[in-house]
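*Asks:* Mind looking at a prediction? Sequence and model below.
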Amino acid sequence: MLWKARVRVTLKNGILDPQGKVLEGSLDRLGYKEVREVRVGKYMEIALEAEDAPGARARVEEMCRRLLANPVIENFAVDIEPCDAMAAMAGTPGTSGAPCATGVAR
Amino acid sequence: MLWKARVRVTLKNGILDPQGKVLEGSLDRLGYKEVREVRVGKYMEIALEAEDAPGARARVEEMCRRLLANPVIENFAVDIEPCDAMAAMAGTPGTSGAPCATGVAR
Amino acid sequence: MQDAPWREMGLKDHEYERIVEIMGREPTYTELGMFSAMWSEHCGYKHSKSTLKLFPTKSERVLQGPGENAGIVDIGGGMALVMKMESHNHPSAIEPYQGAATGIGGILRDIFTMGARPVALLDSLRFGDLSNDKVKYLFDGVVSGIAGYGNCIGVPTVAGEVYFEEPYTRNPLVNVMCVGIMKTSEIARGVAAGVGNAVMVIGSKTGRDGIHGATFASVELDERSEERRPAVQVGDPFTEKLLVEACLEIIRSGYVVGIQDMGAAGLTSSTVEMAARAGTGMEIELSLVPRREEGMTPYEIMLSESQERMVAVVEPDKVDKVREIFARWGLDAVVVGHVTGDGLMRVKENGKVVAEIPAKILAEAPVYNPEARRPARIDELHAFDPATLPEPQDYDEVLMELISSPSIASKEWVYEQYDYMVRTNTAIVPGVADAAVLRVKELGTPGHEVGIALTVDCQGRYCYLDPYQGAAIAVAEASRNLACVGAEPLAITDCLNFGNPEKPEMFWEFQESVKGMADACRKLGIPVISGNVSFYNEAEGVAIYPTPVVGMAGLLPDVGLTVTQGFKTEGDLIVLLGATGPDMGGSDYLKVIHGVVAGRPPRLDLEAESRVQACCRDAARRGLLSSAHDCAEGGLAVALTESCISGGVGAHIALRDSDMRHDFLLFSESQGRIVVSLPEKNLGELEGLARHHGVPFEVIGRVGGARLVMRVVEGAGNSDPAGPGRFQMRRLIDLGLRELERAWRTSIARHMTDGESGSI
Amino acid sequence: MSGGSGMDMKSMKKMKVGVVIFPGSNCDHDCYHAAQVMGMEAEYIWHAARDVSGFDCIILPGGFSYGDYLRAGAVARFSPVMEAVTKFAERGGLVLGICNGFQILLEAGLLPGAMMRNRNLKFICKTIHLRVENAGTPFTGACTPGQVLAVPIAHGEGNYYIDPEGLRELNANKQVVFRYCDSHGAVTDEANPNGSCDNIAGIINREGNVLGMMPHPERCVERVLGGEDGRFVFASLLKHWSQGGGCDAGCALA
Ligand SMILES: Nc1ncnc2c1ncn2[C@@H]1O[C@H](COP(=O)(O)OP(=O)(O)O)[C@@H](O)[C@H]1O
Ligand SMILES: [Mg+2]
């Protein structure tokens, strides 16, 4: 079965995030005074075959440990959803009814 | 009240994602033959004050349109969660009981 | 077919009628798309072709003039230099990072497609006023896009220019130039020769990105432009790096008959142009083209401008070898068709013909001779008399303001983002001299290699006031910049940026500029070997300044003898070669200090210009000079400031009085002037050279101290200008080097940090 | 200074340097050229190679391996050649990672710490100053302790990070080999171009045979390019080699 993993990679606590700081400054200048903090990370969508959700999660977490995140400075979090062929048409990365990566054939 | 917005910015359908292609190749060489596609985007966590969740969402979506995403090539999606002071200690960006941005004091 | 689909594609009704007439039938949708791309201004040069014929394009050194992907000149020793410049203005206005990045990708392909290894990039940039937030966003994005692509692919960006002027606010100019080096024996061309040979598509897969980019470049920007997102592509410098290596390998191996990159109009233009050049035809099968997306129509495949793709024509028995080489670099190389003898461009999808057009007809867009009309503004602007302006009280203040204006200030903020040293050939890095210098490792001896000098120049304001004169000055300045490092001009590549040529005033600007450039090229003996025209640079009816950018390459027999612009040694004499006149029209002094853009641009005496340049070059080659720097924007005072800052040493200047106002004396932008410094013992020899060349020569001061002090000697002709004055001296400028340097060096960074754009 | 201190006689065997080519390497030919200028014998090593024996030193050059997509060096470290390089290093072979090469060594775990984006978020290309903090390594033996070198940098991700404990260890073991400094040798925040932790520009492993540095010594071994301080690094290697500290012999820190 085809699954979609959403991977978020963020800098560990305590590690300075210059990109986040720059965005805070820019948002402030644009008038968003309510913003308290911005942290910038990476986001990946991975479409993969797996038996079940736990199986998919285990594989993706392994990919994160080996390649997708650098454990010295980064944390990661993985969400697994079934690929929804219908939603794949939508294009926007919704929160539910997740499009399968981008629905693009390879 | 303090909210936490998770912003995911992804390339629009049909737009080339060179990073995703390189990761696909690399994961394949590492033996993850089950991977069908990888798309790489950006991820931001924004801690902000707002009356309620819809209010927070509206503001963050506006930030996305104005600054955080380039509508010419990118889509964005926003999730809003209440800031959970307890979880803020955890450090890892979990899916629920979201830490507030990274819990780093400013 | 819906109502008049050709209009949406940018074709005129009469052009459509002509197509129907030639074809003897209505074209299919795919055919119409192919026509509209090939007959767009961008690919077809409809409005510019007849004017461009004015350029001189030959010299003993020219191996390839205009007409191929890039021009080539012989630099001796069996080696050749390849060069080309191109614009990516409209994509950069919409998506500055990717727009600029893919501009770099495209110009690189034009070079290695000829068989040359790209060795240098240059960028010529124009934006609006830097205090505008949108301008900052564009400027920041464009510079990081150039850096992102150029650095990643490992080609140094060695020189460029940046101007900030209001007319470029909505329509910035992003012109990029690439230079390559190759053996003359390895020149490859974009020809589809040899009936039966295989046609291969190489590199990235084809997606829906950039469909109709050529058309997009051929219309004015409007509020809908941001919605034309398919016209924006994402660059993949990593794939292109592999493509460079693999293409150079197949060219050297002799396996390819012809090769061409897929630029504007993608598969259509590359196949059609290759067939047309060879007088052959081609048949391709679209189902064989590797695709990134499902369900692409023939129209989309033929017009996609996905980046990092090439077309190669290969003898059938070499196909496997070519495939092998590409596989080693991790790239696709797929046979999609073959060369035919019938002159037809035939496109099939799953065996069914979807387009069939004579290649020649597609490649030869209709040629127009539009109406030209001198704009009314010219006379008004020329009527302005700078002498009516008040003379400033405090010249220190004026100089500080001038050197802090972003167009004059240091461009360090820009070029420090570029890797200008990779490949270890850059002998003169940015900011050190008027032109970049690269050694050619293959020629000469270690430490004394043959050098190539590179520069890009154009002052759009001059061209706005007088396009003929402004364009001629661009050529003269580029050549002068080469003379300052001691190099001899080899050839020009250009990028001609103008508004809508269908408007007679705009077309007049274009015509005048080409005439000005052509005349200057003839006079200075420099051929134009490649270039690019970018029309429709208008946003909401406001056109840019006419901006014919000149990219020039020159040759130095020995990089060890290169001269830089910084003053070096306390006690050296400072000499001005060339004469100063009241050339205030279009000057930075007028614009920055008085807020006026008017007058006539500086006079240009090409005879005098050529003599000054020859004199400087001779002096450099004889090793007489410690420094040389041309007087450009901001005139003599700014040139001296730059020489002081570059060298980290001050200067004492005493100018002979003339009947000119002191502000004119300091800030006039008279052409044909070079400030040199030299040890006193060389003075006689330099003076002899100046006399020999008939060049005005004036000792104006001495290097030393930590201040720039400029005085004017009032009274009779003086005999010892550098010494303590026996005459009445009026001090005009007295500024510490540190103060000058801080203002000049940090100006752009200061503009960029307040109200930072913060894009990520 | 004269470069080829270890190369007195023409007839003598030359020190043999292998320069790895990853897809996306840019400074491979620069390292190759510099090694030759310095009187070494240079040879390229393709990233798919599984054997790197026979070299006296291996250089992982600068550039953008795999486009530096995701993180600089993250993908390249899985190249087949890296297994061989790791074994080579374990046996005591000299490995020099320059810029992207340094990033790859970090990702591969051959050196501790990680690289982050420069603190100004921009690529930076310019000549900076370095202070030699440890002149007792095979890569700095021709330098004097505290010597200031002018060497170019060119990177977007050169902001070195290591946790406080790791930093203490680096310092305790004299593993910090180069620090960013001003022209007088003062290690100041102003002289830190990219935000690196403790101004670190180059570190060595505990065994003393694997060095990573962000600046590019190969870009300054010829006067015509404006500087020659990079010669010290190559001359150090030659010195070490000519004194018998060659390949497979252990090269633990003196
Ligand atoms: N966009 C740019 N890219 C790279 N280098 C640049 C750029 N703009 C300016 N430079 C470099 O900065 C230096 C000064 O440029 P400029 O002020 O145009 O000098 P000049 O008037 O002498 O031509 C030159 O070395 C030039 O190549
Ligand atoms: Mg200039």
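*Replies:* Alright, I've got the coordinates. Numbers count the residues shown, from 1 in each chain, chains lettered A, B, ... in the order given. Ligands and ions are numbered 1, 2, ... in the order given.

*Asks:* Report the separation between the two terminal residues of stretch D:140-147.
*Replies:* From its first residue to its last, stretch D:140-147 covers 10 Å (C-alpha to C-alpha, to the nearest Å).

*Asks:* so where's chain C uncertain?
*Replies:* Along chain C, the model assigns pLDDT under 70 to residues C:1-2, C:212-231, C:715-727, C:755-760.

*Asks:* By proximity to chain B, which residue of it wins?
*Replies:* residue C:236 (3.7 Å; C-beta to the nearest C-beta). Placement of C-beta: from N, CA and C, glycine included.

*Asks:* Might you report the residue contacts of that residue?
*Replies:* Residues near residue C:236 by C-beta atoms under 8 Å, 6 or more residues apart in numbering or on different chains: B:16, B:18, B:21, C:105, C:204, C:307-308, D:67.

*Asks:* can you give me the mean pLDDT across the longest strand seen in chain A?
*Replies:* Ranked by residue count, the top strand of chain A under DSSP state E comes out as strand A:35-49. Mean per-residue pLDDT for strand A:35-49: 96.

*Asks:* export the contacts of residue C:236 to a markdown table and tack on neighbour count and distance to ligand 1?
*Replies:* As requested, those are arranged in a markdown table below (neighbours: other C-beta atoms under 10 Å in any protein chain shown; distance: C-beta to the nearest ligand atom, whole Å):
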| residue | neighbour count | distance to ligand 1 |
| --- | --- | --- |
| B:16 | 25 | 26 |
| B:18 | 22 | 24 |
| B:21 | 23 | 30 |
| C:105 | 26 | 17 |
| C:204 | 23 | 27 |
| C:307 | 31 | 22 |
| C:308 | 29 | 23 |
| D:67 | 25 | 22 |
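
*Asks:* Quick check: the farthest pair among these?
*Replies:* B:21 and C:105 (15.4 Å; C-beta to C-beta).

*Asks:* Whether the longest strand of chain A contacts chain C - can you check?
*Replies:* Yes. For strand A:35-49 and chain C, the contact criterion (C-beta under 8 Å from any C-beta of the partner chain) is met by residue A:40.

*Asks:* just checking, next helix/strand downstream of that strand?
*Replies:* Beyond strand A:35-49 in the direction of the C-terminus, DSSP states H and E gives the next helix or strand as helix A:53-63.

*Asks:* what's the closest non-adjacent residue to whichever residue of chain C sits closest to ligand 1?
*Replies:* Nearest to ligand 1, among the residues of chain C, is residue C:160, at 2.6 Å (C-beta to the nearest ligand atom). Setting aside the residues directly before and after it, residue C:160 is nearest to residue C:123 in space (C-beta to C-beta, 6 or more residues apart in numbering or on different chains), at 3.9 Å.

*Asks:* What parts of chain D come near chain A?
*Replies:* D:70-71, D:74-75, D:78, D:106-107, D:113-114, D:116-117, D:119-121, D:161-163, D:195.

*Asks:* Contacts only, for residue D:176.
*Replies:* Applying C-beta under 8 Å, 6+ apart to residue D:176 gives the contacts D:133-134, D:170, D:198, D:200, D:202-203.

*Asks:* Pick the one among those closest to residue C:597.
*Replies:* Distance ranking of these against residue C:597, using C-beta to C-beta, places residue D:200 first at 50.5 Å.

*Asks:* follow-up on the earlier one: give me the element the residue of chain C closest to ligand 1 is part of.
*Replies:* Using DSSP H and E, residue C:160 sits within strand C:157-164.

*Asks:* Can you tell me the strand partners of that strand and which way each runs?
*Replies:* Applying DSSP bridges, strand C:157-164 is found paired with strand C:117-127 (parallel).

*Asks:* Next SSE downstream of the partner strand?
*Replies:* helix C:133-153.

*Asks:* Could you list which residues are in contact with the closest residue in space to residue D:171 that isn't next to it in sequence?
*Replies:* Take residue D:171 and drop its neighbours on the chain: the residue closest to it by C-beta to C-beta, 6+ apart is residue D:198, 7.8 Å away. The neighbourhood of residue D:198, defined by C-beta under 8 Å, 6+ apart, consists of D:167, D:171, D:176, D:179.

*Asks:* I'd like to check which residues are in contact with the closest residue to the last one other than its chain neighbours.
*Replies:* Going back to what we said before, that points to residue D:179. Excluding the flanking residues, the one nearest residue D:179 by C-beta to C-beta, 6+ apart is residue D:199, at 4.4 Å. Going by C-beta under 8 Å, 6+ apart, residue D:199 touches D:179-181, D:187-189, D:191-192.

*Asks:* By neighbour count, which of those wins?
*Replies:* Tallying neighbours with other C-beta atoms under 10 Å in any protein chain shown puts residue D:180 at the head of these, with 27 neighbours.

*Asks:* So residue C:98: helix, strand or coil?
*Replies:* Secondary structure, DSSP: H, G, I helix; E, B strand; the rest coil: residue C:98 is helix.

*Asks:* Burial check on the closest residue to it other than its chain neighbours, number of neighbours?
*Replies:* Closest residue to residue C:98 apart from its sequence neighbours, by C-beta to C-beta, 6+ apart: residue C:234 at 5.3 Å. The tally of other residues near residue C:234 (other C-beta under 10 Å) stands at 21.

*Asks:* hang on, residue C:234 packs against residue C:308?
*Replies:* No. Contact criterion C-beta atoms under 8 Å: residue C:234 and residue C:308 do not qualify, at 10.3 Å.

*Asks:* Give me the buried stretch members for the helix-or-strand element of chain A with minimal mean pLDDT, please.
*Replies:* The weakest-scoring helix or strand in chain A, judged by mean pLDDT, DSSP states H and E, is helix A:18-29 (a mean of 91). Residues of helix A:18-29 classed as buried by neighbour count (16 or more other C-beta atoms under 10 Å in any protein chain shown): A:18-24, A:26-27.

*Asks:* And for stretch D:219-237?
*Replies:* D:219-222, D:224-237.

*Asks:* from these, which ones fall inside helices?
*Replies:* Per DSSP state H, helices hold the following members of the buried residues of stretch D:219-237: D:231-237.

*Asks:* The stretch 301-450 of chain C: strands as residue ranges?
*Replies:* For the stretch 301-450 of chain C, strands defined by DSSP state E, counting those that start in this stretch occupy the ranges C:309-314, C:333-340, C:344-349, C:352-358, C:426-428, C:436-445, C:448-457.

*Asks:* Could you dump these into JSON lines and include distance to residue C:407 and mean neighbour count?
*Replies:* Below are the strands of the stretch 301-450 of chain C laid out as JSON lines (distance: least, C-beta to C-beta, whole Å; neighbours: other C-beta atoms under 10 Å in any protein chain shown):
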{"stretch": "strand C:309-314", "distance to residue C:407": "37", "mean neighbour count": "27"}
{"stretch": "strand C:333-340", "distance to residue C:407": "46", "mean neighbour count": "21"}
{"stretch": "strand C:344-349", "distance to residue C:407": "46", "mean neighbour count": "22"}
{"stretch": "strand C:352-358", "distance to residue C:407": "47", "mean neighbour count": "18"}
{"stretch": "strand C:426-428", "distance to residue C:407": "22", "mean neighbour count": "27"}
{"stretch": "strand C:436-445", "distance to residue C:407": "19", "mean neighbour count": "21"}
{"stretch": "strand C:448-457", "distance to residue C:407": "13", "mean neighbour count": "26"}
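
*Asks:* What segments of chain D are strands?
*Replies:* D:16-21, D:41-46, D:57-60, D:94-98, D:114-116, D:124-132, D:148-155, D:159-161, D:176-181, D:200-204, D:210-213.
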